[in-house]
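Participant: below are the sequence and a predicted model; questions follow.
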Amino acid sequence: MKLGYARISKADGSQTLDLQLDALTAAGVASGQVYKDEASGRRDDRPGLEACLKALRTGDVLHVWKLDRLGRDLKHLVTTVRGLSERGVGLSVLTGQGANIDTTTSSGKLIFGIFAALAEFEGDLIRERTMAGLVAARARGRKGGRHFELTKNQIRLAQSAMATRETPVADLCQELQISRATLYRYVSPTGELRDHGRRVLSA
């Protein structure tokens, strides 16, 4: 079965899906099999894409107008397409620089292999630069690493407060000046330490 995915970056009417939908229709994708999003490619929450990926089955082919409609960046694109390949799902790009990519063909797989190599190369460069930056910072007496939003004392306060069922989470977040999502990265709803919290307290 052929499924399609279309995305525009703005929902204010300055962009439309018409061009993408016409191309998908010309490729033989039925209108009822097209999934859509109106969101920036950088956003993680794209319900249309998530629904599309869940609907795909072995032997299906996902059609997209251009590569930039599918991936947030090169690494995300490679990860997504690799996941499709492992499930026996093909990808066909209809236009743009990736128009020769069709993972149902040998040549398309070869081209995508080059993309995967470039993504790995990009990741290696980022890691190399990060490590070089940390070494330079340490040489100047500065410690590098992840910045955490909460201190040890704040985490202990959050543990104690969350262990009390009557604690209003909104009030606690306001007191700590963080969001609910940030709070739950450090402690669970019952006050148990999570990964971020353990890492801060063990530092």
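Facilitator: Noted; the coordinates are in hand.

Participant: other SSEs contacting the longest strand seen in the chain?
Facilitator: As assigned by DSSP state E, the longest strand anywhere in the chain is strand 2-8. With contacts taken as 3 or more Cβ pairs under 8 Å, 6 or more residues apart in numbering; DSSP states H and E, strand 2-8 sits against helix 18-26, strand 34-38, helix 47-55, strand 61-64. Quick note: C-beta positions are derived from backbone N, CA and C, even for glycine.

Participant: is Leu24 in contact with Gly32, as I believe?
Facilitator: No - using Cβ atoms under 8 Å, Leu24 is not in contact with Gly32; the gap is 11.6 Å.

Participant: those two: which is more packed in?
Facilitator: Leu24 (24 against 6; other Cβ atoms under 10 Å).

Participant: excluding its backbone neighbours, what's nearest that one?
Facilitator: Using Cβ to Cβ, 6 or more residues apart in numbering and skipping residues adjacent in sequence, the residue nearest Leu24 is Gly4, 3.9 Å away.

Participant: specify the beta-bridge partners of that neighbour.
Facilitator: Val34, His63 (DSSP bridges).

Participant: neighbours around it, how many?
Facilitator: Using other Cβ under 10 Å, the number of residues around Gly4 comes to 27.

Participant: that one and Glu166, how far apart?
Facilitator: To Glu166, Gly4 is 50 Å away according to Cβ to Cβ, to the nearest Å.

Participant: same question for Ala117.
Facilitator: For Ala117, the distance to Glu166 equals 55 Å [Cβ to Cβ].

Participant: these two: who's more crowded?
Facilitator: Higher neighbour count among Ala117 and Glu166: Ala117, with 11 against 5, using other Cβ under 10 Å.

Participant: what mean pLDDT does the helix or strand hosting that one get?
Facilitator: Element membership of Ala117, judged by DSSP states H and E, is helix 106-139. Helix 106-139 carries an average pLDDT of 70.

Participant: following element in sequence after that helix, please.
Facilitator: Sequence-wise, the next helix or strand downstream of helix 106-139 (DSSP H and E) is helix 152-163.

Participant: helices and strands of this protein: which one bottoms out on pLDDT?
Facilitator: One helix or strand of the chain scores below all others by mean pLDDT, DSSP states H and E: helix 106-139, with a mean of 70.
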